[in-house]
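**Student:** model the following, please.
(one chain, ligands or ions: 1)
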Amino acid sequence: MAKRTIRFGVIGCGLMGREFASAAARWCHLMDVNFAPSITAVCDANPEATSWFKQAVPSVKRVYSDYKELLDDPDVDAVYCAVPHHLHAQIYTDIIMAGKHLLGEKPFGIDQEANAKIGKAIAASPDVIVRCSSEFPFFPGALQISQWVKEERFGKIIEVEAGFWHSSDLDPLKPINWKRIVASNGEYGCMGDLGMHVLHLPMRFGWKPLNVRSLLTKVVGERPDGKGGLAPCETWDNAILACEAQSGDQDFPMILSTKRIAPGHANTWFIRIQGTAFSAEFTTKNPKQISWLPYEQGGNQAWHVMDAPYKSAYGTITGGIFEFGFSDSILQMWAAFCDEVANGTEGMLQPFHCATPEEAAGSHQIFTAALESNRSGNTIPLNWGE
Ligand SMILES: NC(=O)c1ccc[n+]([C@@H]2O[C@H](COP(=O)([O-])OP(=O)(O)OC[C@H]3O[C@@H](n4cnc5c(N)ncnc54)[C@H](O)[C@@H]3O)[C@@H](O)[C@H]2O)c1
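**Tutor:** Numbering: from 1, shown residues only. Alright, predicted model coming up:
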């Protein structure tokens, strides 16, 4: 199949910038796609971060330390931007106004005001495709759950629980980094860092909370500052959001949690839906497994647990018997973004598109209300303006 090459610039060559480069290098993994990325330019304020790209990514022609120079590069059609949160508003806005397609990292602005600035640039640039990075819904088990929601299999929804949990911060000697500092990570703390991942599917399903009551906690107060001293950890470690969600004529409780300190968990993303006719669960803790419980009046209540075949949105060379993992979900998300750029939203080869700016804006509304709830101890109503 002839492939359209999309020429990418990467702004922010840290942890996630390298993850994209690795996905782009493994494009032959995907079958029957008519698009492929080529990383032609990279930019990082820290030259050490770009040196890895120079030796590992042969397609890189130009290396910049000022992102505005990358935006002037005519060999760049689209940008992946993975920088600390306080830089999102300015850099994303400049990318969009330069007419480059953007896959931007979450949370899409350090706060709601920053997010609104990005929204304005998007509204002024209708020909630019802008999406927010969120890879977990591309796990086969998560896609299966999306399918079941689409088929309305659950009956009356009893309760939904979704979360994203980490635990490396349980170590009090883990040095401080920008994700523990309000000026660079934002007042949202763990919600800004992890929350879009949790909200992606509820937002996609149209499960908008009517209100939120939050409990935000700080567990570790100080960390080594890397210079022999200690620095305060300013951001929230853990957040539990109790929401009253609404879908059509149904109301149900939805518990959303983002935790930096959940002992024993490393990158555990999960969703559990309980319904009167059907319940289902998927967690990346057991990435092969999907569980479901169909129920008919008077019948048995028996969980079915299956090893989900390796089958995501886009076909791959990997046999169905093998396991799907984090880097596969990143590759699939990238395929969805490139598909939308190459074929347009309506012409995509499969229908599951990346998280939208509207979905990211919804997450900001919820996090902002959660901060207010934690401050006041009240349940905060949300107005979706519909
Ligand atoms: N999708 C995911 O699973 C996932 C996982 C981790 C982080 N993230 C998100 O990715 C983004 C970056 O996080 P990370 O973990 O890669 O951080 P990181 O610290 O590893 O990398 C950020 C890079 O941005 C560079 N940078 C800082 N200022 C810059 C500027 N003005 N111009 C160009 N480069 C600049 C830094 O030098 C650094 O190399 C954040 O938005 C974060 O929330 C997403």
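**Student:** run through the residues of the stretch 1-150 of the chain sitting next to the ligand.
**Tutor:** Applying Cβ under 6 Å from any ligand atom, one finds that the stretch 1-150 of the chain approaches the ligand through 11-16, 43-46, 49, 67, 82-85, 87, 105-106, 133, 135. Quick note: C-beta positions are derived from backbone N, CA and C, even for glycine.
**Student:** from those residues, which land in helices?
**Tutor:** 15, 16, 49, 67 (DSSP state H).
**Student:** looking at it, the second one is touching residue 82, isn't it?
**Tutor:** The one in question is residue 16. Yes: the criterion here is Cβ atoms under 8 Å, and residue 16 meets it with residue 82 at 3.8 Å.
**Student:** ok, which stretches of this protein are helices?
**Tutor:** 15-25, 47-56, 67-71, 88-97, 112-123, 140-150, 182-185, 190-204, 326-343, 357-376.
**Student:** among those helices, which is the most enclosed?
**Tutor:** helix 190-204 (a mean of 25; mean count of other Cβ atoms under 10 Å).
**Student:** what angle separates that one from helix 140-150?
**Tutor:** Angle of helix 190-204 versus helix 140-150, following axes from the mean of the first three to the mean of the last three Cα atoms, to 10 degrees, is 50 degrees.
**Student:** tell me the mean pLDDT over helix 190-204?
**Tutor:** What helix 190-204 shows for mean pLDDT is 98.
**Student:** alpha carbons only: can I get that helix in CSV?
**Tutor:** Only the C-alpha atoms of helix 190-204 are listed here, as CSV (Å, rounded to 0.1, in the frame of the first residue of the first chain):
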residue,chain,number,x,y,z
CYS,A,190,-1.5,14.3,40.2
MET,A,191,-4.8,15.1,38.4
GLY,A,192,-3.0,17.2,35.7
ASP,A,193,-0.3,14.5,35.4
LEU,A,194,-2.5,11.4,35.3
GLY,A,195,-6.1,12.6,35.0
MET,A,196,-6.6,12.8,31.3
HIS,A,197,-5.8,9.2,31.0
VAL,A,198,-8.6,8.4,33.5
LEU,A,199,-11.1,10.7,31.9
HIS,A,200,-10.5,9.8,28.2
LEU,A,201,-13.0,7.0,28.0
PRO,A,202,-15.7,8.5,30.3
MET,A,203,-15.5,11.7,28.2
ARG,A,204,-15.6,9.6,25.0
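**Student:** tell me how far it is from the chain's mean position?
**Tutor:** Taking Cα atoms, centre = their mean, to the nearest Å, one finds helix 190-204 lying 7 Å from the centre of the chain it belongs to.
**Student:** try stretch 99-107
**Tutor:** 12 Å.
**Student:** repeat for stretch 103-117
**Tutor:** In this view, stretch 103-117 has its centroid 13 Å away from the chain centroid, taken as Cα atoms, centre = their mean.
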